[in-house]
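Student: Build me a model:
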Amino acid sequence: MERQGADLQTKIEELQLINQALRENDRIKVDALAHLSHQLLILSESIYKN
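Tutor: The predicted structure is shown next:
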């Protein structure tokens, strides 16, 4: 019974690490998308001014 509890705790910790990594990757993608959107806006404004 103790062994099962330890295995379960290990699995929970692994899933927490995976979840943390996925959230970080998502944040990086959101930041990159925002940056690209901003660059596109600047480029569009530049094109329309000329």
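Student: drop to CA atoms for contacts and neighbour counts, all remaining ones
Tutor: Will do.
Student: where in the chain is pLDDT low?
Tutor: 50 (pLDDT under 70).
Student: Now the residue nearest the centre of the chain: which helix or strand?
Tutor: Geometric centre of the chain, nearest residue: D26, 1.7 Å, by CA atoms, centre = their mean. Using DSSP states H and E, the element containing D26 is helix 2-49.
Student: and that helix, how far out from the chain's middle?
Tutor: In terms of CA atoms, centre = their mean, to the nearest Å, the centre of helix 2-49 is found 0 Å from the chain centre.
Student: Check which helices and strands that helix sits against.
Tutor: With contacts defined as 3 or more CA pairs under 8 Å, 6 or more residues apart in numbering; DSSP states H and E, helix 2-49 has no helix or strand neighbours.
Student: 13 is where my numbering starts, stick with that
Tutor: In the new numbering, first residue 13, that becomes helix 14-61.
Student: what's around I40, how many residues?
Tutor: As a burial measure, I40 scores 12 neighbours (other CA atoms under 10 Å).
Student: now swap in the one 5 residues further on and tell me
Tutor: One way to gauge burial is a neighbour count; for L45, by other CA under 10 Å, it gives 12.
Student: same deal with H50?
Tutor: Around H50 there are 12 other residues, counting by other CA under 10 Å.
Student: For it, give its distance to L20.
Tutor: 45 Å (CA to CA, to the nearest Å).
Student: and if you look at I30?
Tutor: Look at I30 and L20: by CA to CA, they are 15 Å apart.
Student: Please apply the same query to Q32.
Tutor: Computed with CA to CA, the distance linking Q32 and L20 is 18 Å.
Student: sorry, back to before: quick one: the residue nearest to the centre of the chain and E57, what's the gap?
Tutor: 29 Å.
Student: same question, N31
Tutor: Distance of N31 to E57, given as CA to CA: 39 Å.
Student: Same check on H50?
Tutor: The gap separating H50 from E57 is 11 Å, by CA to CA.
Student: Next, find the distance separating R39 from L45.
Tutor: From R39 to L45 the distance is 10 Å (CA to CA).
Student: What is the neighbour count of I59?
Tutor: 9.
Student: actually A18, not the one I wrote
Tutor: The burial count assigned to A18 is 11, neighbours taken as other CA under 10 Å.
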